[in-house]
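Here's a sequence, model it:
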Amino acid sequence: MMSTEIKMADTGVVDEITRTCLLTRTRRISRIITNMYDQALRPYGVNAPQFSLLVLIARLGGASRAEIGRANYQERSTLTRNLALLLAEGWVEEMVSEEGGRSRPLVLSQAGRNLLVSAVPAWRAAQVKAKQALGEEGVAAIVGVTDSIPLGELVE
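Prediction:
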């Protein structure tokens with residue numbers, strides 16, 4: 001192909017992706033919403049992904065890194081990086097496994113529980129801001145889609 005033809009083909013591809021790419025659009029929404037929560041949670045020394053991880057660990061009530069990673073759709077390296085601050089701050093603790101094996105379940109510490117409780121007003125404020133940005137239909141669509149995705153099909 002000549003360079004003019006390549007440029008025209010590139011323009012067509014770029015236009016198609018710009019108009020229809022679900023990845024690009026969901027990542028943009030994610031960055032905007034994450035930023036809202038990051039700003040609200042900043043005074044507590046935690047960012048949105050870390051806060052979300054704290055909530056997940058609290059909900060699981062003691063789980064291995066692998067279980068947390070699967071539940072949060074995260075690869076091991078990403079999870080390790082996100083857990084590092086939580087462990088360093090003492091918000092999450094490793095417990096000795098009751099089975100006596102190598103597994104060391106992670107649980108929320110008292111400091112982690114205190115952080116969650118104290119940050120709830122900031123989280124609620126971010127919720128309001130995010131809902132306003134997304135609108136009622138947007139919120140319903142996001143909740144509906146995430147509730148309908150079969151969990152087992154996404155985790156490899």
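
Give me the secondary structure label for V139.
V139 falls in the helix class when you classify it by DSSP: H, G, I helix; E, B strand; the rest coil.

count of residues packed around the nearest residue to it once chain neighbours are set aside?
Nearest residue to V139 in three dimensions, chain neighbours excluded: K131, at 5.4 Å (C-beta to C-beta, 6 or more residues apart in numbering). Heads up, the C-betas are built off the backbone N, CA and C, glycines and all. Residues near K131, counting by other C-beta atoms under 10 Å, number 13.

Do a quick rundown of the strands in the protein.
Along the chain, counting by DSSP state E, strands occupy 92-94, 106-108.

ok, the first one: who's next to it in the sheet?
On the basis of DSSP bridges, the sheet neighbours of strand 92-94 come out as strand 106-108 (antiparallel).

Would you mind measuring from the residue nearest to V139 to A141?
Using C-beta to C-beta, to the nearest Å, K131 is found at 12 Å from A141.
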